[in-house]
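[1] Here is my input, please return the structure:
(chains A and B)
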Amino acid sequence: MLLFTIATMRLMRRTLGTLRRDSPLIIPVASMALALAVVGASLGAIAVTKGVPLWLVTLMAALVFAGGSELLAVGMATSGAAPFAVVLGGLLLNARHLPYGLALGGMLADSGPVGRLFGSHLLVDEAVAFALAESDPHRRRRAYWAAGLTLYGVWAPSVFLGGLLGDGIGDPRALGLDAALPAGLLALVLPALRDRPTLRAVALGSTVAVVLTPVLEEGLPVLCGLFGMVAALPVATGHSDERSEAGV
Amino acid sequence: MTLGIVLALAAGTYALRVAGPLLRDRLRLPERWRWSLSVASLVLLGAFVATSALYESGSFAGVARVSGVAVGGVLAWRRAPFVVVVLVAAGVTAGMRAVLSTPVM
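    All right, here's what the predicted structure looks like:
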């Protein structure tokens, strides 16, 4: 009886393991997409309530595909900010995509010219996090495309639907979704922090960004977080030494 | 809000995104540089998580959101499945808002 139970448990564990290896992406990507869809819907509702035409906010969702800057643009433009300031504010918030592109550019270059041009458009925080969570190049590329395409496919339609529903959509904050997206990103970033220099850089960078947020324009504090790299660099030269010391 | 704003923001954002892949195509980077670029992206993601957990357009986002993200972070650290992390984070935040009945927006 005991042997049978152990054998069954082993079999179950192996089946679960295989399942997890074959479809490790579907559920995480789907849950991220669901959270993003509700945020998109609320963006659409806010925009339409503030008098932005539905077609325009939907077009923006498809062409810009960076939620934070879209929300900022809607907020600034409808409160009478100069167009130049709106664009500059949005671009400042999106400036982090440049280093993302540098980090994942090698992977995108493997996807051919069309893949590179279209794949660049899918470069959002969530897709970058899914990609960086994988170390094997093949799995990294798969994770990036799966997350990027799913999130892109969800974003503009949910902004459109939210705009159609308008006020009827309710507030995503009541569902706690403003906590779900950062928590999801955190879960994707955490495994990489087992590497000590990375952990130091991320800890310092996050602290710098948090301290500077009340005093700087939106977008700048996160960029200033790059200062955290100094915590990784001195060790970068002795990177492999530290690894062997730690017995990894 | 005009079409011009949308197009300018879209063009600028795409330029920021495509610059990296186009540059990387032209130069072969040594391993240490590639490692540093990955770390830089993780630093940006971490800073983004930290600021979006704590702030809402420049001011404190409230205890409910911070607690939700913190509980989610602990679960992720204990290697809970991704869905559990996301659902519990949302649940804790929503629950605390309901209990504290902090005015939503």
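
[2] Please identify which residue in chain A comes closest to chain B.
    As assessed by Cβ to the nearest Cβ, chain B sits closest to residue A:101 within chain A, at 2.2 Å. To be clear about C-beta, it is placed using only N, CA and C from the backbone, and glycine gets the same treatment.

[3] count of neighbours near that residue?
    25 (other Cβ atoms under 10 Å in any protein chain shown).

[4] Look up which helix or strand it falls in, please.
    helix A:97-109 (DSSP states H and E).

[5] Run through the neighbouring helices and strands of that helix.
    Counting contacts by 3 or more Cβ pairs under 8 Å, 6 or more residues apart in numbering or on different chains; DSSP states H and E, helix A:97-109 packs against helix A:112-121, helix A:125-132, helix A:137-165, helix B:3-26, helix B:31-54.

[6] One more pass at 6 Å, please.
    With contacts taken as 3 or more Cβ pairs under 6 Å, 6 or more residues apart in numbering or on different chains; DSSP states H and E, helix A:97-109 sits against helix A:112-121, helix B:3-26, helix B:31-54.

[7] Need the contact partners of it.
    A:116, A:119, A:123, A:128, A:131, A:140-141, B:16-17, B:19-21, B:24-25, B:37-38, B:40-41 (Cβ atoms under 6 Å, 6 or more residues apart in numbering or on different chains).

[8] how far is it from where the chain is centred?
    In terms of Cα atoms, centre = their mean, to the nearest Å, the gap separating the centre of helix A:97-109 from the centre of its chain is 14 Å.

[9] what angle sits between it and helix B:31-54?
    In terms of direction (axes from the mean of the first three to the mean of the last three Cα atoms, to 10 degrees), helix A:97-109 departs from helix B:31-54 by 130 degrees.

[10] burial count for the residue lying closest to residue A:161 once chain neighbours are set aside?
    Nearest residue to residue A:161 in three dimensions, chain neighbours excluded: residue A:41, at 5.8 Å (Cβ to Cβ, 6 or more residues apart in numbering or on different chains). Residue A:41 has 22 neighbouring residues, counting by other Cβ under 10 Å.

[11] Return a selection command, for use in ChimeraX, containing the buried ones of the contacts of helix A:97-109.
    Buried members of the contacts of helix A:97-109, defined by 16 or more other Cβ atoms under 10 Å in any protein chain shown, are picked up in ChimeraX with:
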select /A:116,119,123,128,131,140,141 /B:16,17,19,20,21,24,37,38,40,41
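
[12] buried sites along the host helix or strand of residue B:98?
    Remark: residue B:98 resides in helix B:82-100, with elements defined by DSSP H and E. Judged by neighbour count using 16+ other Cβ under 10 Å, the buried positions of helix B:82-100 are B:82-83, B:85-94, B:96-97.
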